[in-house]
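Undergrad: Take this sequence and fold it.
(chains A and B)
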Amino acid sequence: DAMVIQNPRYQVTQFGKPVTLSCSQTLNHNVMYWYQQKSSQAPKLLFHYYDKDFNNEADTPDNFQSRRPNTSFCFLDIRSPGLGDAAMYLCATSRGQGSRTQYFGPGTRLLVL
Amino acid sequence: GQNIDQPTEMTATEGAIVQINCTYQTSGFNGLFWYQQHAGEAPTFLSYNVLDGLEEKGRFSSFLSRSKGYSYLLLKELQMKDSASYLCAVRANSGGYQKVTFGIGTKLQVIP
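TA: Presented below is the predicted three-dimensional model:
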């Protein structure tokens, strides 16, 4: 059974057209993360939620926003996608920040035309 | 900040043993993870070390030396399906919360 679900798996958008990626989890974990991973690069943490407490990484562009309306769902909003934002976007969850692992969703691959 | 180094590529033969090294520099260290990532897929958890020593789990083992800032992942009895990228990730205290930073990954190719 899928535990961390990301929809869609593939998303195509146009340059400058807002796009939203979604993540849901059935694990009831209180921490949710969004990572950006470009080809042959390490996953890069954009931000995370600890319950409703939002933590933005210092180098995350303002173009990227996130919402977490409840424990199960978290959204990544890209307000004006640029060509450089084409990447795999990974959602992950953990039970607390000190847990032994993060559980990753399958990712959404974003293509910007 | 954190600095994580691991070889970018390795090749090994089916049935053999391979060791993938990872060195890191960080303050506030609080755990090291190894993940496996097949091309185009999400990372999957392999191992976690927070104390010095060896953790064994089936064909996979992971070692940590905190004083040396060093870890390795050992894969035994290699199978073709083990061809993937192996990501070393370090958790450390950062600005009041615990942050996991990933290395670029080691792309392992298993050949017959």
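Undergrad: Run through the residues of chain B sitting next to chain A.
TA: Contact residues, chain B versus chain A (Cβ under 8 Å from any Cβ of the partner chain): B:4, B:30-31, B:33, B:40-45, B:48, B:87, B:97-105. Placement of C-beta: from N, CA and C, glycine included.
Undergrad: Among these, name the buried ones.
TA: B:4, B:30-31, B:33, B:42-43, B:48, B:87, B:98-105 (16 or more other Cβ atoms under 10 Å in any protein chain shown).
Undergrad: Settle this for me: B:Phe63 is touching B:Glu56, isn't it.
TA: No. When contacts are counted by Cβ atoms under 8 Å, B:Phe63 is not listed as touching B:Glu56 (9.6 Å).
Undergrad: for B:Asp82, phi and psi?
TA: With angles defined as degrees, to the nearest 10, B:Asp82 sits at phi -80, psi -10.
Undergrad: That one: what's it in contact with?
TA: By Cβ atoms under 8 Å, 6 or more residues apart in numbering or on different chains, B:Asp82 lies in contact with B:Leu75, B:Leu108, B:Val110.
Undergrad: Quick check: phi and psi at B:Arg59.
TA: Per degrees, to the nearest 10, the backbone of B:Arg59 is at phi -80, psi -10.
Undergrad: Can you tell me the closest non-neighbouring residue to it?
TA: The shortest distance from B:Arg59 to any non-neighbouring residue, by Cβ to Cβ, 6 or more residues apart in numbering or on different chains, is to B:Lys76 (4.8 Å).
Undergrad: and the one you found, how far is that from A:Gln37?
TA: Look at B:Lys76 and A:Gln37: by Cβ to Cβ, to the nearest Å, they are 28 Å apart.
Undergrad: How about B:Thr26?
TA: Note on B:Thr26: its distance to A:Gln37, by Cβ to Cβ, is 21 Å.
Undergrad: tally of neighbours for A:Phe64?
TA: 19 (other Cβ atoms under 10 Å in any protein chain shown).
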